[in-house]
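A.B. asks: sharing a sequence plus its predicted fold:
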Amino acid sequence: MKKSGDTHVNGEITPENNSDDSPKTTSNDITKKVQLKKEINLFNAVCIIVGIIIGSGIFVSPVGILQNVKSVGMSCVMWTVTGVFSTLCALCFAELGASIPESGGEYIYIKRAFGDFPAFLALWINFVIICPVNIAASSLVFATYILRPLYQDCEPPITSMRLLAATIIMILIAINCVNVKWATKVQVVITASKLIALVLIIVIGFVYLAKDGTENFKDSFLTSDYSAGALAISFYSGFWAFGGWSYLNFLTDELIEPHKNLPRAIIISMVIVTSIYLITNVSYFCVLSPTQMIASSAVAVTFAEHTVSVIAWIFPILIAVSVVGGMNGTSLSMSRLFFVGAENNHLPRLILTLIMQSFEEIFYLIEMMGFGFAILPIALPIVMFFLSVAILALTIKQKQSESLLALALMAMGIPIYIIGVAWSKKPKSFTRSVDYLTRIIQKILLLVPQDKDTAWD
């Protein structure tokens, strides 16, 4: 595969390779460019998607779904529905990514289809809601599982949880800033760890199933809540657990042969994740009753305590590592979205993830993020659009405070766009100050902007 030119990622610059028929050059006149490397192969891509999707969701969402639909049968149905819905969305993104092989995901697709302002709003929703809420919720879940063995008789202190959550966020951001290879290698290791944890749960669950563990599946739909509001909120809990199927599209410029590997990676990943999620939930119900699951803030740990109590301490570690994988994958992919947005002068200079940790209720974050996700698929095929609008309407009716907060954060994007993008004739003193601050940050972080077509010596 022909290399496009010099590459820069996190401070590394390499000379461009010349073809055999190009003029010979010396070391003094080698053309150099700053570009992202194509370093992600199909295996890495599958690990990234699976690592992002299988994060804290499968260890938290079973409770969120069960709390709303109130039965084992409907819980399994909702897992199937959210898996199918997510797969259909993923297939749409696979086609978009293969047709438009550019980093940026839905931001680029919306920009091409609908123009500058709608694309900015899509970027803004990811920036103020989806990305920070996702990482904040996951980091709190990570802290809960790490601290659980130390506070077996009570809930961990919220201050300790926030400090630990903030620490892991900073560590992951540092890894992603230093080298993309480090981030992808970390993702491969973590993906293997989380699959080991889920395989253990599945094996143990089916052992109990063979020992007449079918009690919870009798009359499994008897207590179901079929109300539209309950189904919509439980859908968001499941949809959050599948979140991440679109994130590889943010890394298209770094993917080897994106026309082939992007759709392949998405399809392979969704089949793996959906199958594992359904089987894992069956395993949970083979051991735990609905009452036990709802009462637990760490379902997998409670599962281990009821089955293999001697090695139950291993599960919080494996699950915490799994959650870190989702956060690492989100940081890796979302950073490229913001990178592309910055190239188009659409990125505000603000950090929100740590602020989102001030919300003590994890499910509040999940529901708010689900609202943000439902806004974005308007560029998808028409069937998915109507489904998303229906779920969105039900959520506004059922969860008004979360919906109003999400809408308020989205609406803030309008004045930001007017001031930051549409207002082209800003005072020179203001632009000079912004440029000066940008250069200082670039020097501190050893960063340079990516070159487009201009070469430099």
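C.D. replies: Everything's here; your move. Quantities reported herein were computed from a predicted structural model and do not represent experimental measurements.

A.B. asks: tell me how far Q442 lies from G244.
C.D. replies: For Q442, the distance to G244 equals 30 Å [CB to CB, to the nearest Å]. Any C-beta I mention is one placed from the backbone N, CA and C, and that applies to glycine too.

A.B. asks: same check on M334?
C.D. replies: Applying CB to CB to M334 and G244 gives a distance of 10 Å.

A.B. asks: and for C177?
C.D. replies: 21 Å.

A.B. asks: now I171
C.D. replies: 20 Å.

A.B. asks: more crowded one of the two?
C.D. replies: G244 (26 against 13; other CB atoms under 10 Å).

A.B. asks: so the more buried one makes contact with I49?
C.D. replies: Yes: assessed by CB atoms under 8 Å, G244 is found in contact with I49 at 6.4 Å.

A.B. asks: name the helices or strands packed onto the helix or strand hosting I48?
C.D. replies: Using DSSP states H and E, I48 maps to helix 42-53. When contacts are defined as 3 or more CB pairs under 8 Å, 6 or more residues apart in numbering; DSSP states H and E, helix 42-53 sits against helix 180-210, helix 258-287, helix 314-343.

A.B. asks: so which bits of that helix are buried?
C.D. replies: Of all the residues in helix 42-53, those buried under the rule 16 or more other CB atoms under 10 Å are 42, 44-53.

A.B. asks: list the contacts of that helix.
C.D. replies: 40, 184, 187-188, 190-191, 194-195, 241-245, 247-248, 251, 255-256, 261-262, 264-266, 268-269, 272-273, 325-326, 328-330, 332-333 (CB atoms under 8 Å, 6 or more residues apart in numbering).

A.B. asks: 6 Å instead, please
C.D. replies: Applying CB atoms under 6 Å, 6 or more residues apart in numbering, the contact partners of helix 42-53 are 184, 187-188, 190-191, 242, 244, 247-248, 261, 265, 268-269, 272-273, 325-326, 329-330.

A.B. asks: buried ones in stretch 197-216, by neighbour count?
C.D. replies: Result for stretch 197-216 [16+ other CB under 10 Å]: buried residues 197-198, 200-202, 204-205, 208-209, 213, 216.

A.B. asks: so can I have CSV of those residues showing distance to I146 and pLDDT?
C.D. replies: Below are the buried residues of stretch 197-216 laid out as CSV (distance: CB to CB, whole Å; pLDDT from 0 to 100):
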residue, distance to I146, pLDDT
A197, 14, 81
L198, 19, 86
L200, 18, 87
I201, 19, 88
I202, 23, 91
I204, 22, 90
G205, 24, 90
Y208, 27, 88
L209, 30, 88
G213, 29, 72
N216, 29, 84
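
A.B. asks: from these, pick the one nearest L407.
C.D. replies: Closest approach to L407 among the buried residues of stretch 197-216 (CB to CB): L198, at 35.8 Å.

A.B. asks: which strands and helices lie in contact with the strand or helix carrying A232?
C.D. replies: Following DSSP H and E, one finds A232 within helix 228-241. Counting by 3 or more CB pairs under 6 Å, 6 or more residues apart in numbering; DSSP states H and E, the packing neighbours recorded for helix 228-241 are helix 57-69, helix 72-99, helix 362-375, helix 382-398.

A.B. asks: any idea which of those scores lowest on pLDDT?
C.D. replies: Comparing mean pLDDT across these, the weakest is helix 362-375, with a mean of 49.

A.B. asks: state the phi and psi torsions of I40.
C.D. replies: phi -100, psi 110 (degrees, to the nearest 10).

A.B. asks: ok, now K425?
C.D. replies: phi -100, psi 70.

A.B. asks: ok, it - how many residues close by?
C.D. replies: If we define neighbours as other CB under 10 Å, then K425 has 6 of them.

A.B. asks: state the distance from V287 to Y277.
C.D. replies: Counting by CB to CB, the separation of V287 from Y277 is 17 Å.

A.B. asks: neighbour-wise, which of these two wins?
C.D. replies: Y277 (25 against 21).

A.B. asks: list the residues that contact that one.
C.D. replies: 58, 79.

A.B. asks: and H306, by the same measure?
C.D. replies: So H306 contacts V287 (CB under 6 Å, 6+ apart).

A.B. asks: hmm, try it at 10 Å
C.D. replies: Residues in contact with H306 (CB atoms under 10 Å, 6 or more residues apart in numbering) are 204, 208, 287-288, 292, 312.

A.B. asks: and the average pLDDT for the helix holding I48 is what?
C.D. replies: 84.

A.B. asks: now the angle between helix 228-241 and it, please.
C.D. replies: On the basis of axes from the mean of the first three to the mean of the last three CA atoms, to 10 degrees, helix 42-53 is oriented at 140 degrees to helix 228-241.

A.B. asks: just the angle between helix 42-53 and helix 72-99, please?
C.D. replies: 140 degrees.

A.B. asks: deepest-packed of the helices and strands packed on helix 42-53, please.
C.D. replies: helix 314-343 (a mean of 23; mean count of other CB atoms under 10 Å).

A.B. asks: show me what that one is packed up against.
C.D. replies: helix 42-53, helix 57-69, helix 106-114, helix 116-125, helix 131-147, helix 158-178, helix 180-210, helix 299-307 (3 or more CB pairs under 10 Å, 6 or more residues apart in numbering; DSSP states H and E).

A.B. asks: buried set for the last one?
C.D. replies: What it means is helix 299-307. 299-304, 307.

A.B. asks: ok, the residues you listed vs I233, which is closest?
C.D. replies: Scanning the buried residues of helix 299-307 for proximity to I233, where the rule is CB to CB, the winner is V299, at 18.0 Å.

A.B. asks: so where's the stretch 351-457 of the chain shaky on pLDDT?
C.D. replies: 351-385, 387-388, 391-392, 395, 398, 445, 447-457 (pLDDT under 70).

A.B. asks: try it again with 80
C.D. replies: The stretch 351-457 of the chain contains residues with pLDDT under 80 at 351-407, 409-410, 420, 424, 434, 438, 441-457.

A.B. asks: I173 is in contact with S139, correct?
C.D. replies: No: contact criterion CB atoms under 10 Å: S139 and I173 do not qualify, at 11.3 Å.

A.B. asks: neighbour count winner among those two?
C.D. replies: Between S139 and I173, counting by other CB under 10 Å, S139 is the more crowded of the two (28 against 17).

A.B. asks: could you find the closest non-adjacent residue to T302?
C.D. replies: S296 (4.0 Å; CB to CB, 6 or more residues apart in numbering).

A.B. asks: contacts only, for the one you found.
C.D. replies: 62-63, 284, 288, 302-303, 305.
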